[in-house]
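Just to be clear, the model below is a prediction. Sequence and coordinates:
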Amino acid sequence: MPYVTIPDDTPIQLYYEDSGGDGRPVVLIHGWPLSTEAWAGQVPTLVDAGYRAIAYDRRGFGRSDKAPDGYEYDTLASDLQHLVTELDLTGAVLVGFSMGGGEVARYIGRYGESRLAGAVLASAITPALCITDDNPDGAMPMSGFGGLRDECRGDRDAFVEKFMTWFFSNPSEMTIGDDQFRDVLRVAAQGSDKALRDTIIAWATDFREDVAKFTVPTLVIHGDADNNVPFPASGQRAAQLIEGSRLHVVAGGPHGVNVSHADEFNAVLLDFLGSL
């Protein structure tokens, strides 16, 4: 299995999958609490269209090492930078789903865009979900994130099941079947307790300064029925802050639009990639 080694006092191994080929690299960054498997509905489409699809498991999740720390965005973006440089990617497009949008934003904020041709924020937590005095348009106060972390600490399995039910639900229905839902829970079970708890707090990170540095073409795609990351506090604001960005709203789309509305998601993504 391919791994990228992250140098540290105890080196961290990040698992990744790379379709190879000479096409434009598209780096897929999964959401909480999933792994590369979350992109099963996108990778074949990208490869068939001639792109080089690369997905990796965030530290602490999936098949990557269960690191003792590093679950804040400076470190998570550094992990992404190691992957990009180790694979010597140029002209790449970063696709960040949910908390993966944070890696995209912090990567651009810290490392720039010299290796990039574009960025995609999909159901992403950008630009700033935490309500503060200078960010009244966020989704909830810091106490809310702490409460979610405490729920996860108290009964992880029950919390993950509830969270993933929100993840794939809109006001009228659950958008995936029972077999798919059981598979989602199987993937979620691969994450470490610490990774799941600590990254919940990381969702409160303020990315507004990072987002202000975007100059590459950017696609924002978000469901208007997202229970986990409400569109008005996230996708709508991100599109307003990123000059020239392209916004696509999935009508009736829950948080997990890349699964629930895979055909629409893939068509919009391919159209964006084709414009670069």
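Happy to help now that I have it.

now the helix or strand harbouring Arg186, how far from the centre of its chain.
Assessed by DSSP states H and E, Arg186 sits inside helix 178-188. Relative to its parent chain, helix 178-188 has a centroid offset of 18 Å by C-alpha atoms, centre = their mean, to the nearest Å.

for stretch 38-50, same thing?
On the basis of C-alpha atoms, centre = their mean, stretch 38-50 sits 16 Å off its chain's mean C-alpha point.

So what touches that stretch?
Residues outside stretch 38-50 that contact it (C-beta atoms under 8 Å, 6 or more residues apart in numbering) are 17, 19, 21, 23, 26, 28, 30-31, 53, 55, 97, 187, 258-259, 262, 265-266, 269-270, 273. For every residue, glycine as well, the C-beta is placed using N, CA and C.

same thing but 7 Å
Stretch 38-50 is touched from outside by 19, 23, 26, 28, 30-31, 53, 55, 258-259, 262, 266, 270, with contacts defined as C-beta atoms under 7 Å, 6 or more residues apart in numbering.

Reformat those as CSV; add pLDDT.
Formatted as CSV, these follow (pLDDT from 0 to 100):
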residue, pLDDT
Ser19, 97
Gly23, 97
Val26, 98
Leu28, 98
His30, 98
Gly31, 98
Ala53, 98
Ala55, 98
Asn258, 98
Val259, 96
Ala262, 97
Asn266, 98
Leu270, 98
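
Give the ChimeraX command for selecting the buried subset of the residues you listed.
A single ChimeraX command selects the buried members of the contacts of stretch 38-50 (16 or more other C-beta atoms under 10 Å):
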select :19,23,26,28,30,31,53,55,258,259,266,270
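
From the contacts of stretch 38-50, pick the one nearest Gly138.
When these are compared for distance to Gly138 (C-beta to C-beta), Gly31 wins out at 18.5 Å.

ok so, going back, so which of the contacts of stretch 38-50 comes closest to Ile125?
Gly31 (8.9 Å).

what about that closest one, which SS state?
Here Gly31 takes the coil state, with states given by DSSP: H, G, I helix; E, B strand; the rest coil.

Which residue comes closest to it once chain neighbours are left out?
What sits nearest to Gly31 in space, not counting adjacent residues and going by C-beta to C-beta, 6 or more residues apart in numbering, is Ser98, at 3.1 Å.

again with Ala212
Using C-beta to C-beta, 6+ apart, the closest residue to Ala212 is Leu241 (6.8 Å).

Backbone torsions only: list them for that neighbour.
Main-chain dihedrals, Leu241, degrees, to the nearest 10: phi -80, psi -30.

Among the contacts of stretch 38-50, which ones are in strands?
If you go by DSSP state E, the contacts of stretch 38-50 have Val26, Leu28, Ala53, Ala55 in strands.

Who are the contact partners of the third one?
Contacts here follow C-beta under 7 Å, 6+ apart; on that basis Ala53 touches Ser19, Val26, Leu28, Val43, Leu46, Val47.

Next, give me the two most distant ones among those.
Leu28 and Val47 (11.8 Å).
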